[in-house]
Every structure is written in structure tokens, then in C-alpha cells.
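Asks: here are the coordinates; sequence isn't available:
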């Protein structure tokens, strides 16, 4: 990561050589060993590497509808509905059973890597999430029983921060219409909200699709905000190590990140 003194802000670059995901020839795997870390010959491979959390690719609920009805019928009819009587995908589609299984699988990897004698994987110092339910569920399931807890209360010491603009490319699909702030608070009481988070979804519209250019710009600005304003020296000093970030978002945001 580099800070550009011009108006472009922060420039992001995926550094190859550490994770298999950075290699163009790699076939995606839901649960690669050690999150895809390449160098695992050392007995202390996590100590040898300041871990960056692999971004979980999940099964998007709208893809279930596409597979069921085909892209044309989905685009013209079903994406505007909340479901078909058997499957519900809106508003604010829930994580599919496959997505839940994937998140639980990643949770098991976390616990396995945490149990390495003398070389546990470093856990994130900050967690961020899209406000859509499928992303919230993913980060909740992924880090259940993983984060350090307060010894007196048993509550996790680190709460995910929900950021509106971490959501994927906006579409008129009902699956992308997020729940109200009140409903999210009820479902995920341990999560925090950014100060500007509104009660109702101000970004979604049943008539407007976000252009790829606008989406990329929005995501870039959001990542800039996270790295410049939400990750900093306080994390480094508190943990005596550079801050590590875990982010719960969507598979559509990962290619733009990389």
C-alpha cells in the first residue's frame, strides 16, 4: 500500500508470493490450507508472516435465482421480486446454506491455526463488514469463538464495524436492499455502526443500477477511509504489531480489491 500525494489517494497492490490467491493460475478454493499461505515449511510460519486475512468468497443469494430461472428471466422478472414462494432472496437476502457451510469451514480453519503450539495465527485487530445480512452472517460465523474475550464478561474484545459503502455493486435487485438499522441491531447486537449509518437504506433504488466505474470509485474511497482513518498507530501500539484487518463483504468486491 502506498499513499499518493496527488488526488488519487492510496494506491493498492496485491503482492504476489505470499498467498496462492495472488497467482492468476490458481483455481479458487473455498477452504485452502492455512488460508492459502504458500510458505508453510517453517514450524513458525505464522510468526514468519504478518497475516492478512483471506477474504471469504461466498455464494451470493441472487446467483441461486439465476441458476433457477436463467439470466433473462432473473433480470426481467424474478430479481424484482422478494422470492418465488419456495426461496426468499429479498429484501436483504440471507446467507445460503452453502454460504453458511463455507463460513463455518473457515471458522474451523481459524481454530486449527490458533491451536498451533507456539505459533498461533494472529487474529485481526479490526473487523469491518458490509451492512447486508449475508456479509454480516459470514463474518459472525467465521469468527465465532476465535476473537479474544473479556475475562470478566466473556464478551469479544473486538466488535465488527458496519460500513455502508462496503456493500457490493448496487443493483435494483431486492436482494441488495439492506435491512433497517434497527433490524440489524436486533440480529447482530455485538456489531457497531459507523456514525453516518442511516436507519433506512439510502443507497438502494428499484430503478437504478450502479455503474462499474462508480462502484470501483466508491469501494476505493471506502478502503482509503479504512486505511487512513480507522487503522493506525493505536492498533499498532495496543497490539505491539501492525494492525490486521478482517472484512466481511461480497465476492463482487474482491476482484476490485485485488
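Replies: Looks like it arrived, so ask away. Bear in mind the structure is a predicted one, so any value in this text is a computation, not a measurement.
Asks: Not counting its neighbours along the chain, what's nearest residue 114?
Replies: residue 120 (4.8 Å; CB to CB, 6 or more residues apart in numbering). Using the backbone N, CA and C atoms, a C-beta is placed for each residue, glycine as well.
Asks: wait, residue 204
Replies: Residue 204 sits nearest to residue 177 (CB to CB, 6+ apart), 4.5 Å away.
Asks: Name all residues that make contact with the residue nearest to residue 149 when sequence neighbours are not counted.
Replies: Spatial nearest neighbour of residue 149, excluding adjacent residues (CB to CB, 6+ apart): residue 156 at 5.6 Å. Residue 156 makes contacts with 147, 148, 149, 150, 190, as judged by CB atoms under 8 Å, 6 or more residues apart in numbering.
Asks: Now rank these by neighbours and give me the top one.
Replies: residue 147 (18 neighbours; other CB atoms under 10 Å).
Asks: OK, contacts around that one?
Replies: 123, 124, 127, 156, 157, 158 are the contacts of residue 147 under CB under 8 Å, 6+ apart.
Asks: surely the third one meets residue 158?
Replies: Yes. Using CB atoms under 8 Å, residue 127 is in contact with residue 158, at 6.1 Å.
Asks: Looking at the two, which one has more neighbours?
Replies: residue 127 (24 against 17).
Asks: which residues in the stretch 51-200 of the chain form strands?
Replies: 126-129, 161-162, 192-193 (DSSP state E, counting those that start in this stretch).
Asks: Check which residues of the longest helix seen in the chain are buried.
Replies: In the chain, assigned by DSSP state H, the helix with the most residues is helix 97-114. Residues of helix 97-114 classed as buried: 99, 100, 102, 103, 106, 107, 109, 110, 113 (neighbour count, 16 or more other CB atoms under 10 Å).
Asks: Run a quick neighbour tally on the nearest residue to the last one once chain neighbours are set aside.
Replies: To tie it back to what came earlier, the one meant is residue 113. Spatial nearest neighbour of residue 113, chain neighbours left out: residue 121 (3.8 Å); criterion: CB to CB, 6+ apart. A count of nearby residues for residue 121, using other CB under 10 Å, gives 23.
Asks: With residue 95 instead?
Replies: Around residue 95 there are 23 residues (other CB under 10 Å).
Asks: For it, give its distance to residue 142.
Replies: Relative to residue 142, residue 95 is positioned 11 Å away (CB to CB, to the nearest Å).
Asks: buried ones in stretch 207-220?
Replies: Quick answer for stretch 207-220 (16+ other CB under 10 Å): 210, 215, 218, 219, 220.
Asks: sorry, back to before: same list, the contacts of residue 156, but as TSV with pLDDT please.
Replies: Converted to TSV, those look like this (pLDDT from 0 to 100):
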residue	pLDDT
147	87
148	86
149	85
150	83
190	90
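Asks: Widest-spaced pair of those?
Replies: Greatest spatial distance in the contacts of residue 156: 148 and 190, 13.7 Å, computed using CB to CB.
Asks: if we can go back for a sec, list just the nearest of the contacts of residue 147 to residue 206.
Replies: residue 127 (31.1 Å).
Asks: For that closest one, which non-adjacent residue is closest in space?
Replies: Using CB to CB, 6+ apart, the closest residue to residue 127 is residue 160 (4.0 Å).
Asks: got a list of what the one you found touches?
Replies: Neighbours of residue 160 in contact, by CB under 8 Å, 6+ apart: 127, 128, 129, 136, 139, 140, 143, 190, 191, 192, 248.
Asks: In CSV, list those along with distance to residue 224.
Replies: As requested, the contacts of residue 160 are arranged in CSV below (distance: CB to CB, whole Å):
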residue, distance to residue 224
127, 18
128, 13
129, 18
136, 23
139, 21
140, 26
143, 25
190, 27
191, 22
192, 20
248, 19
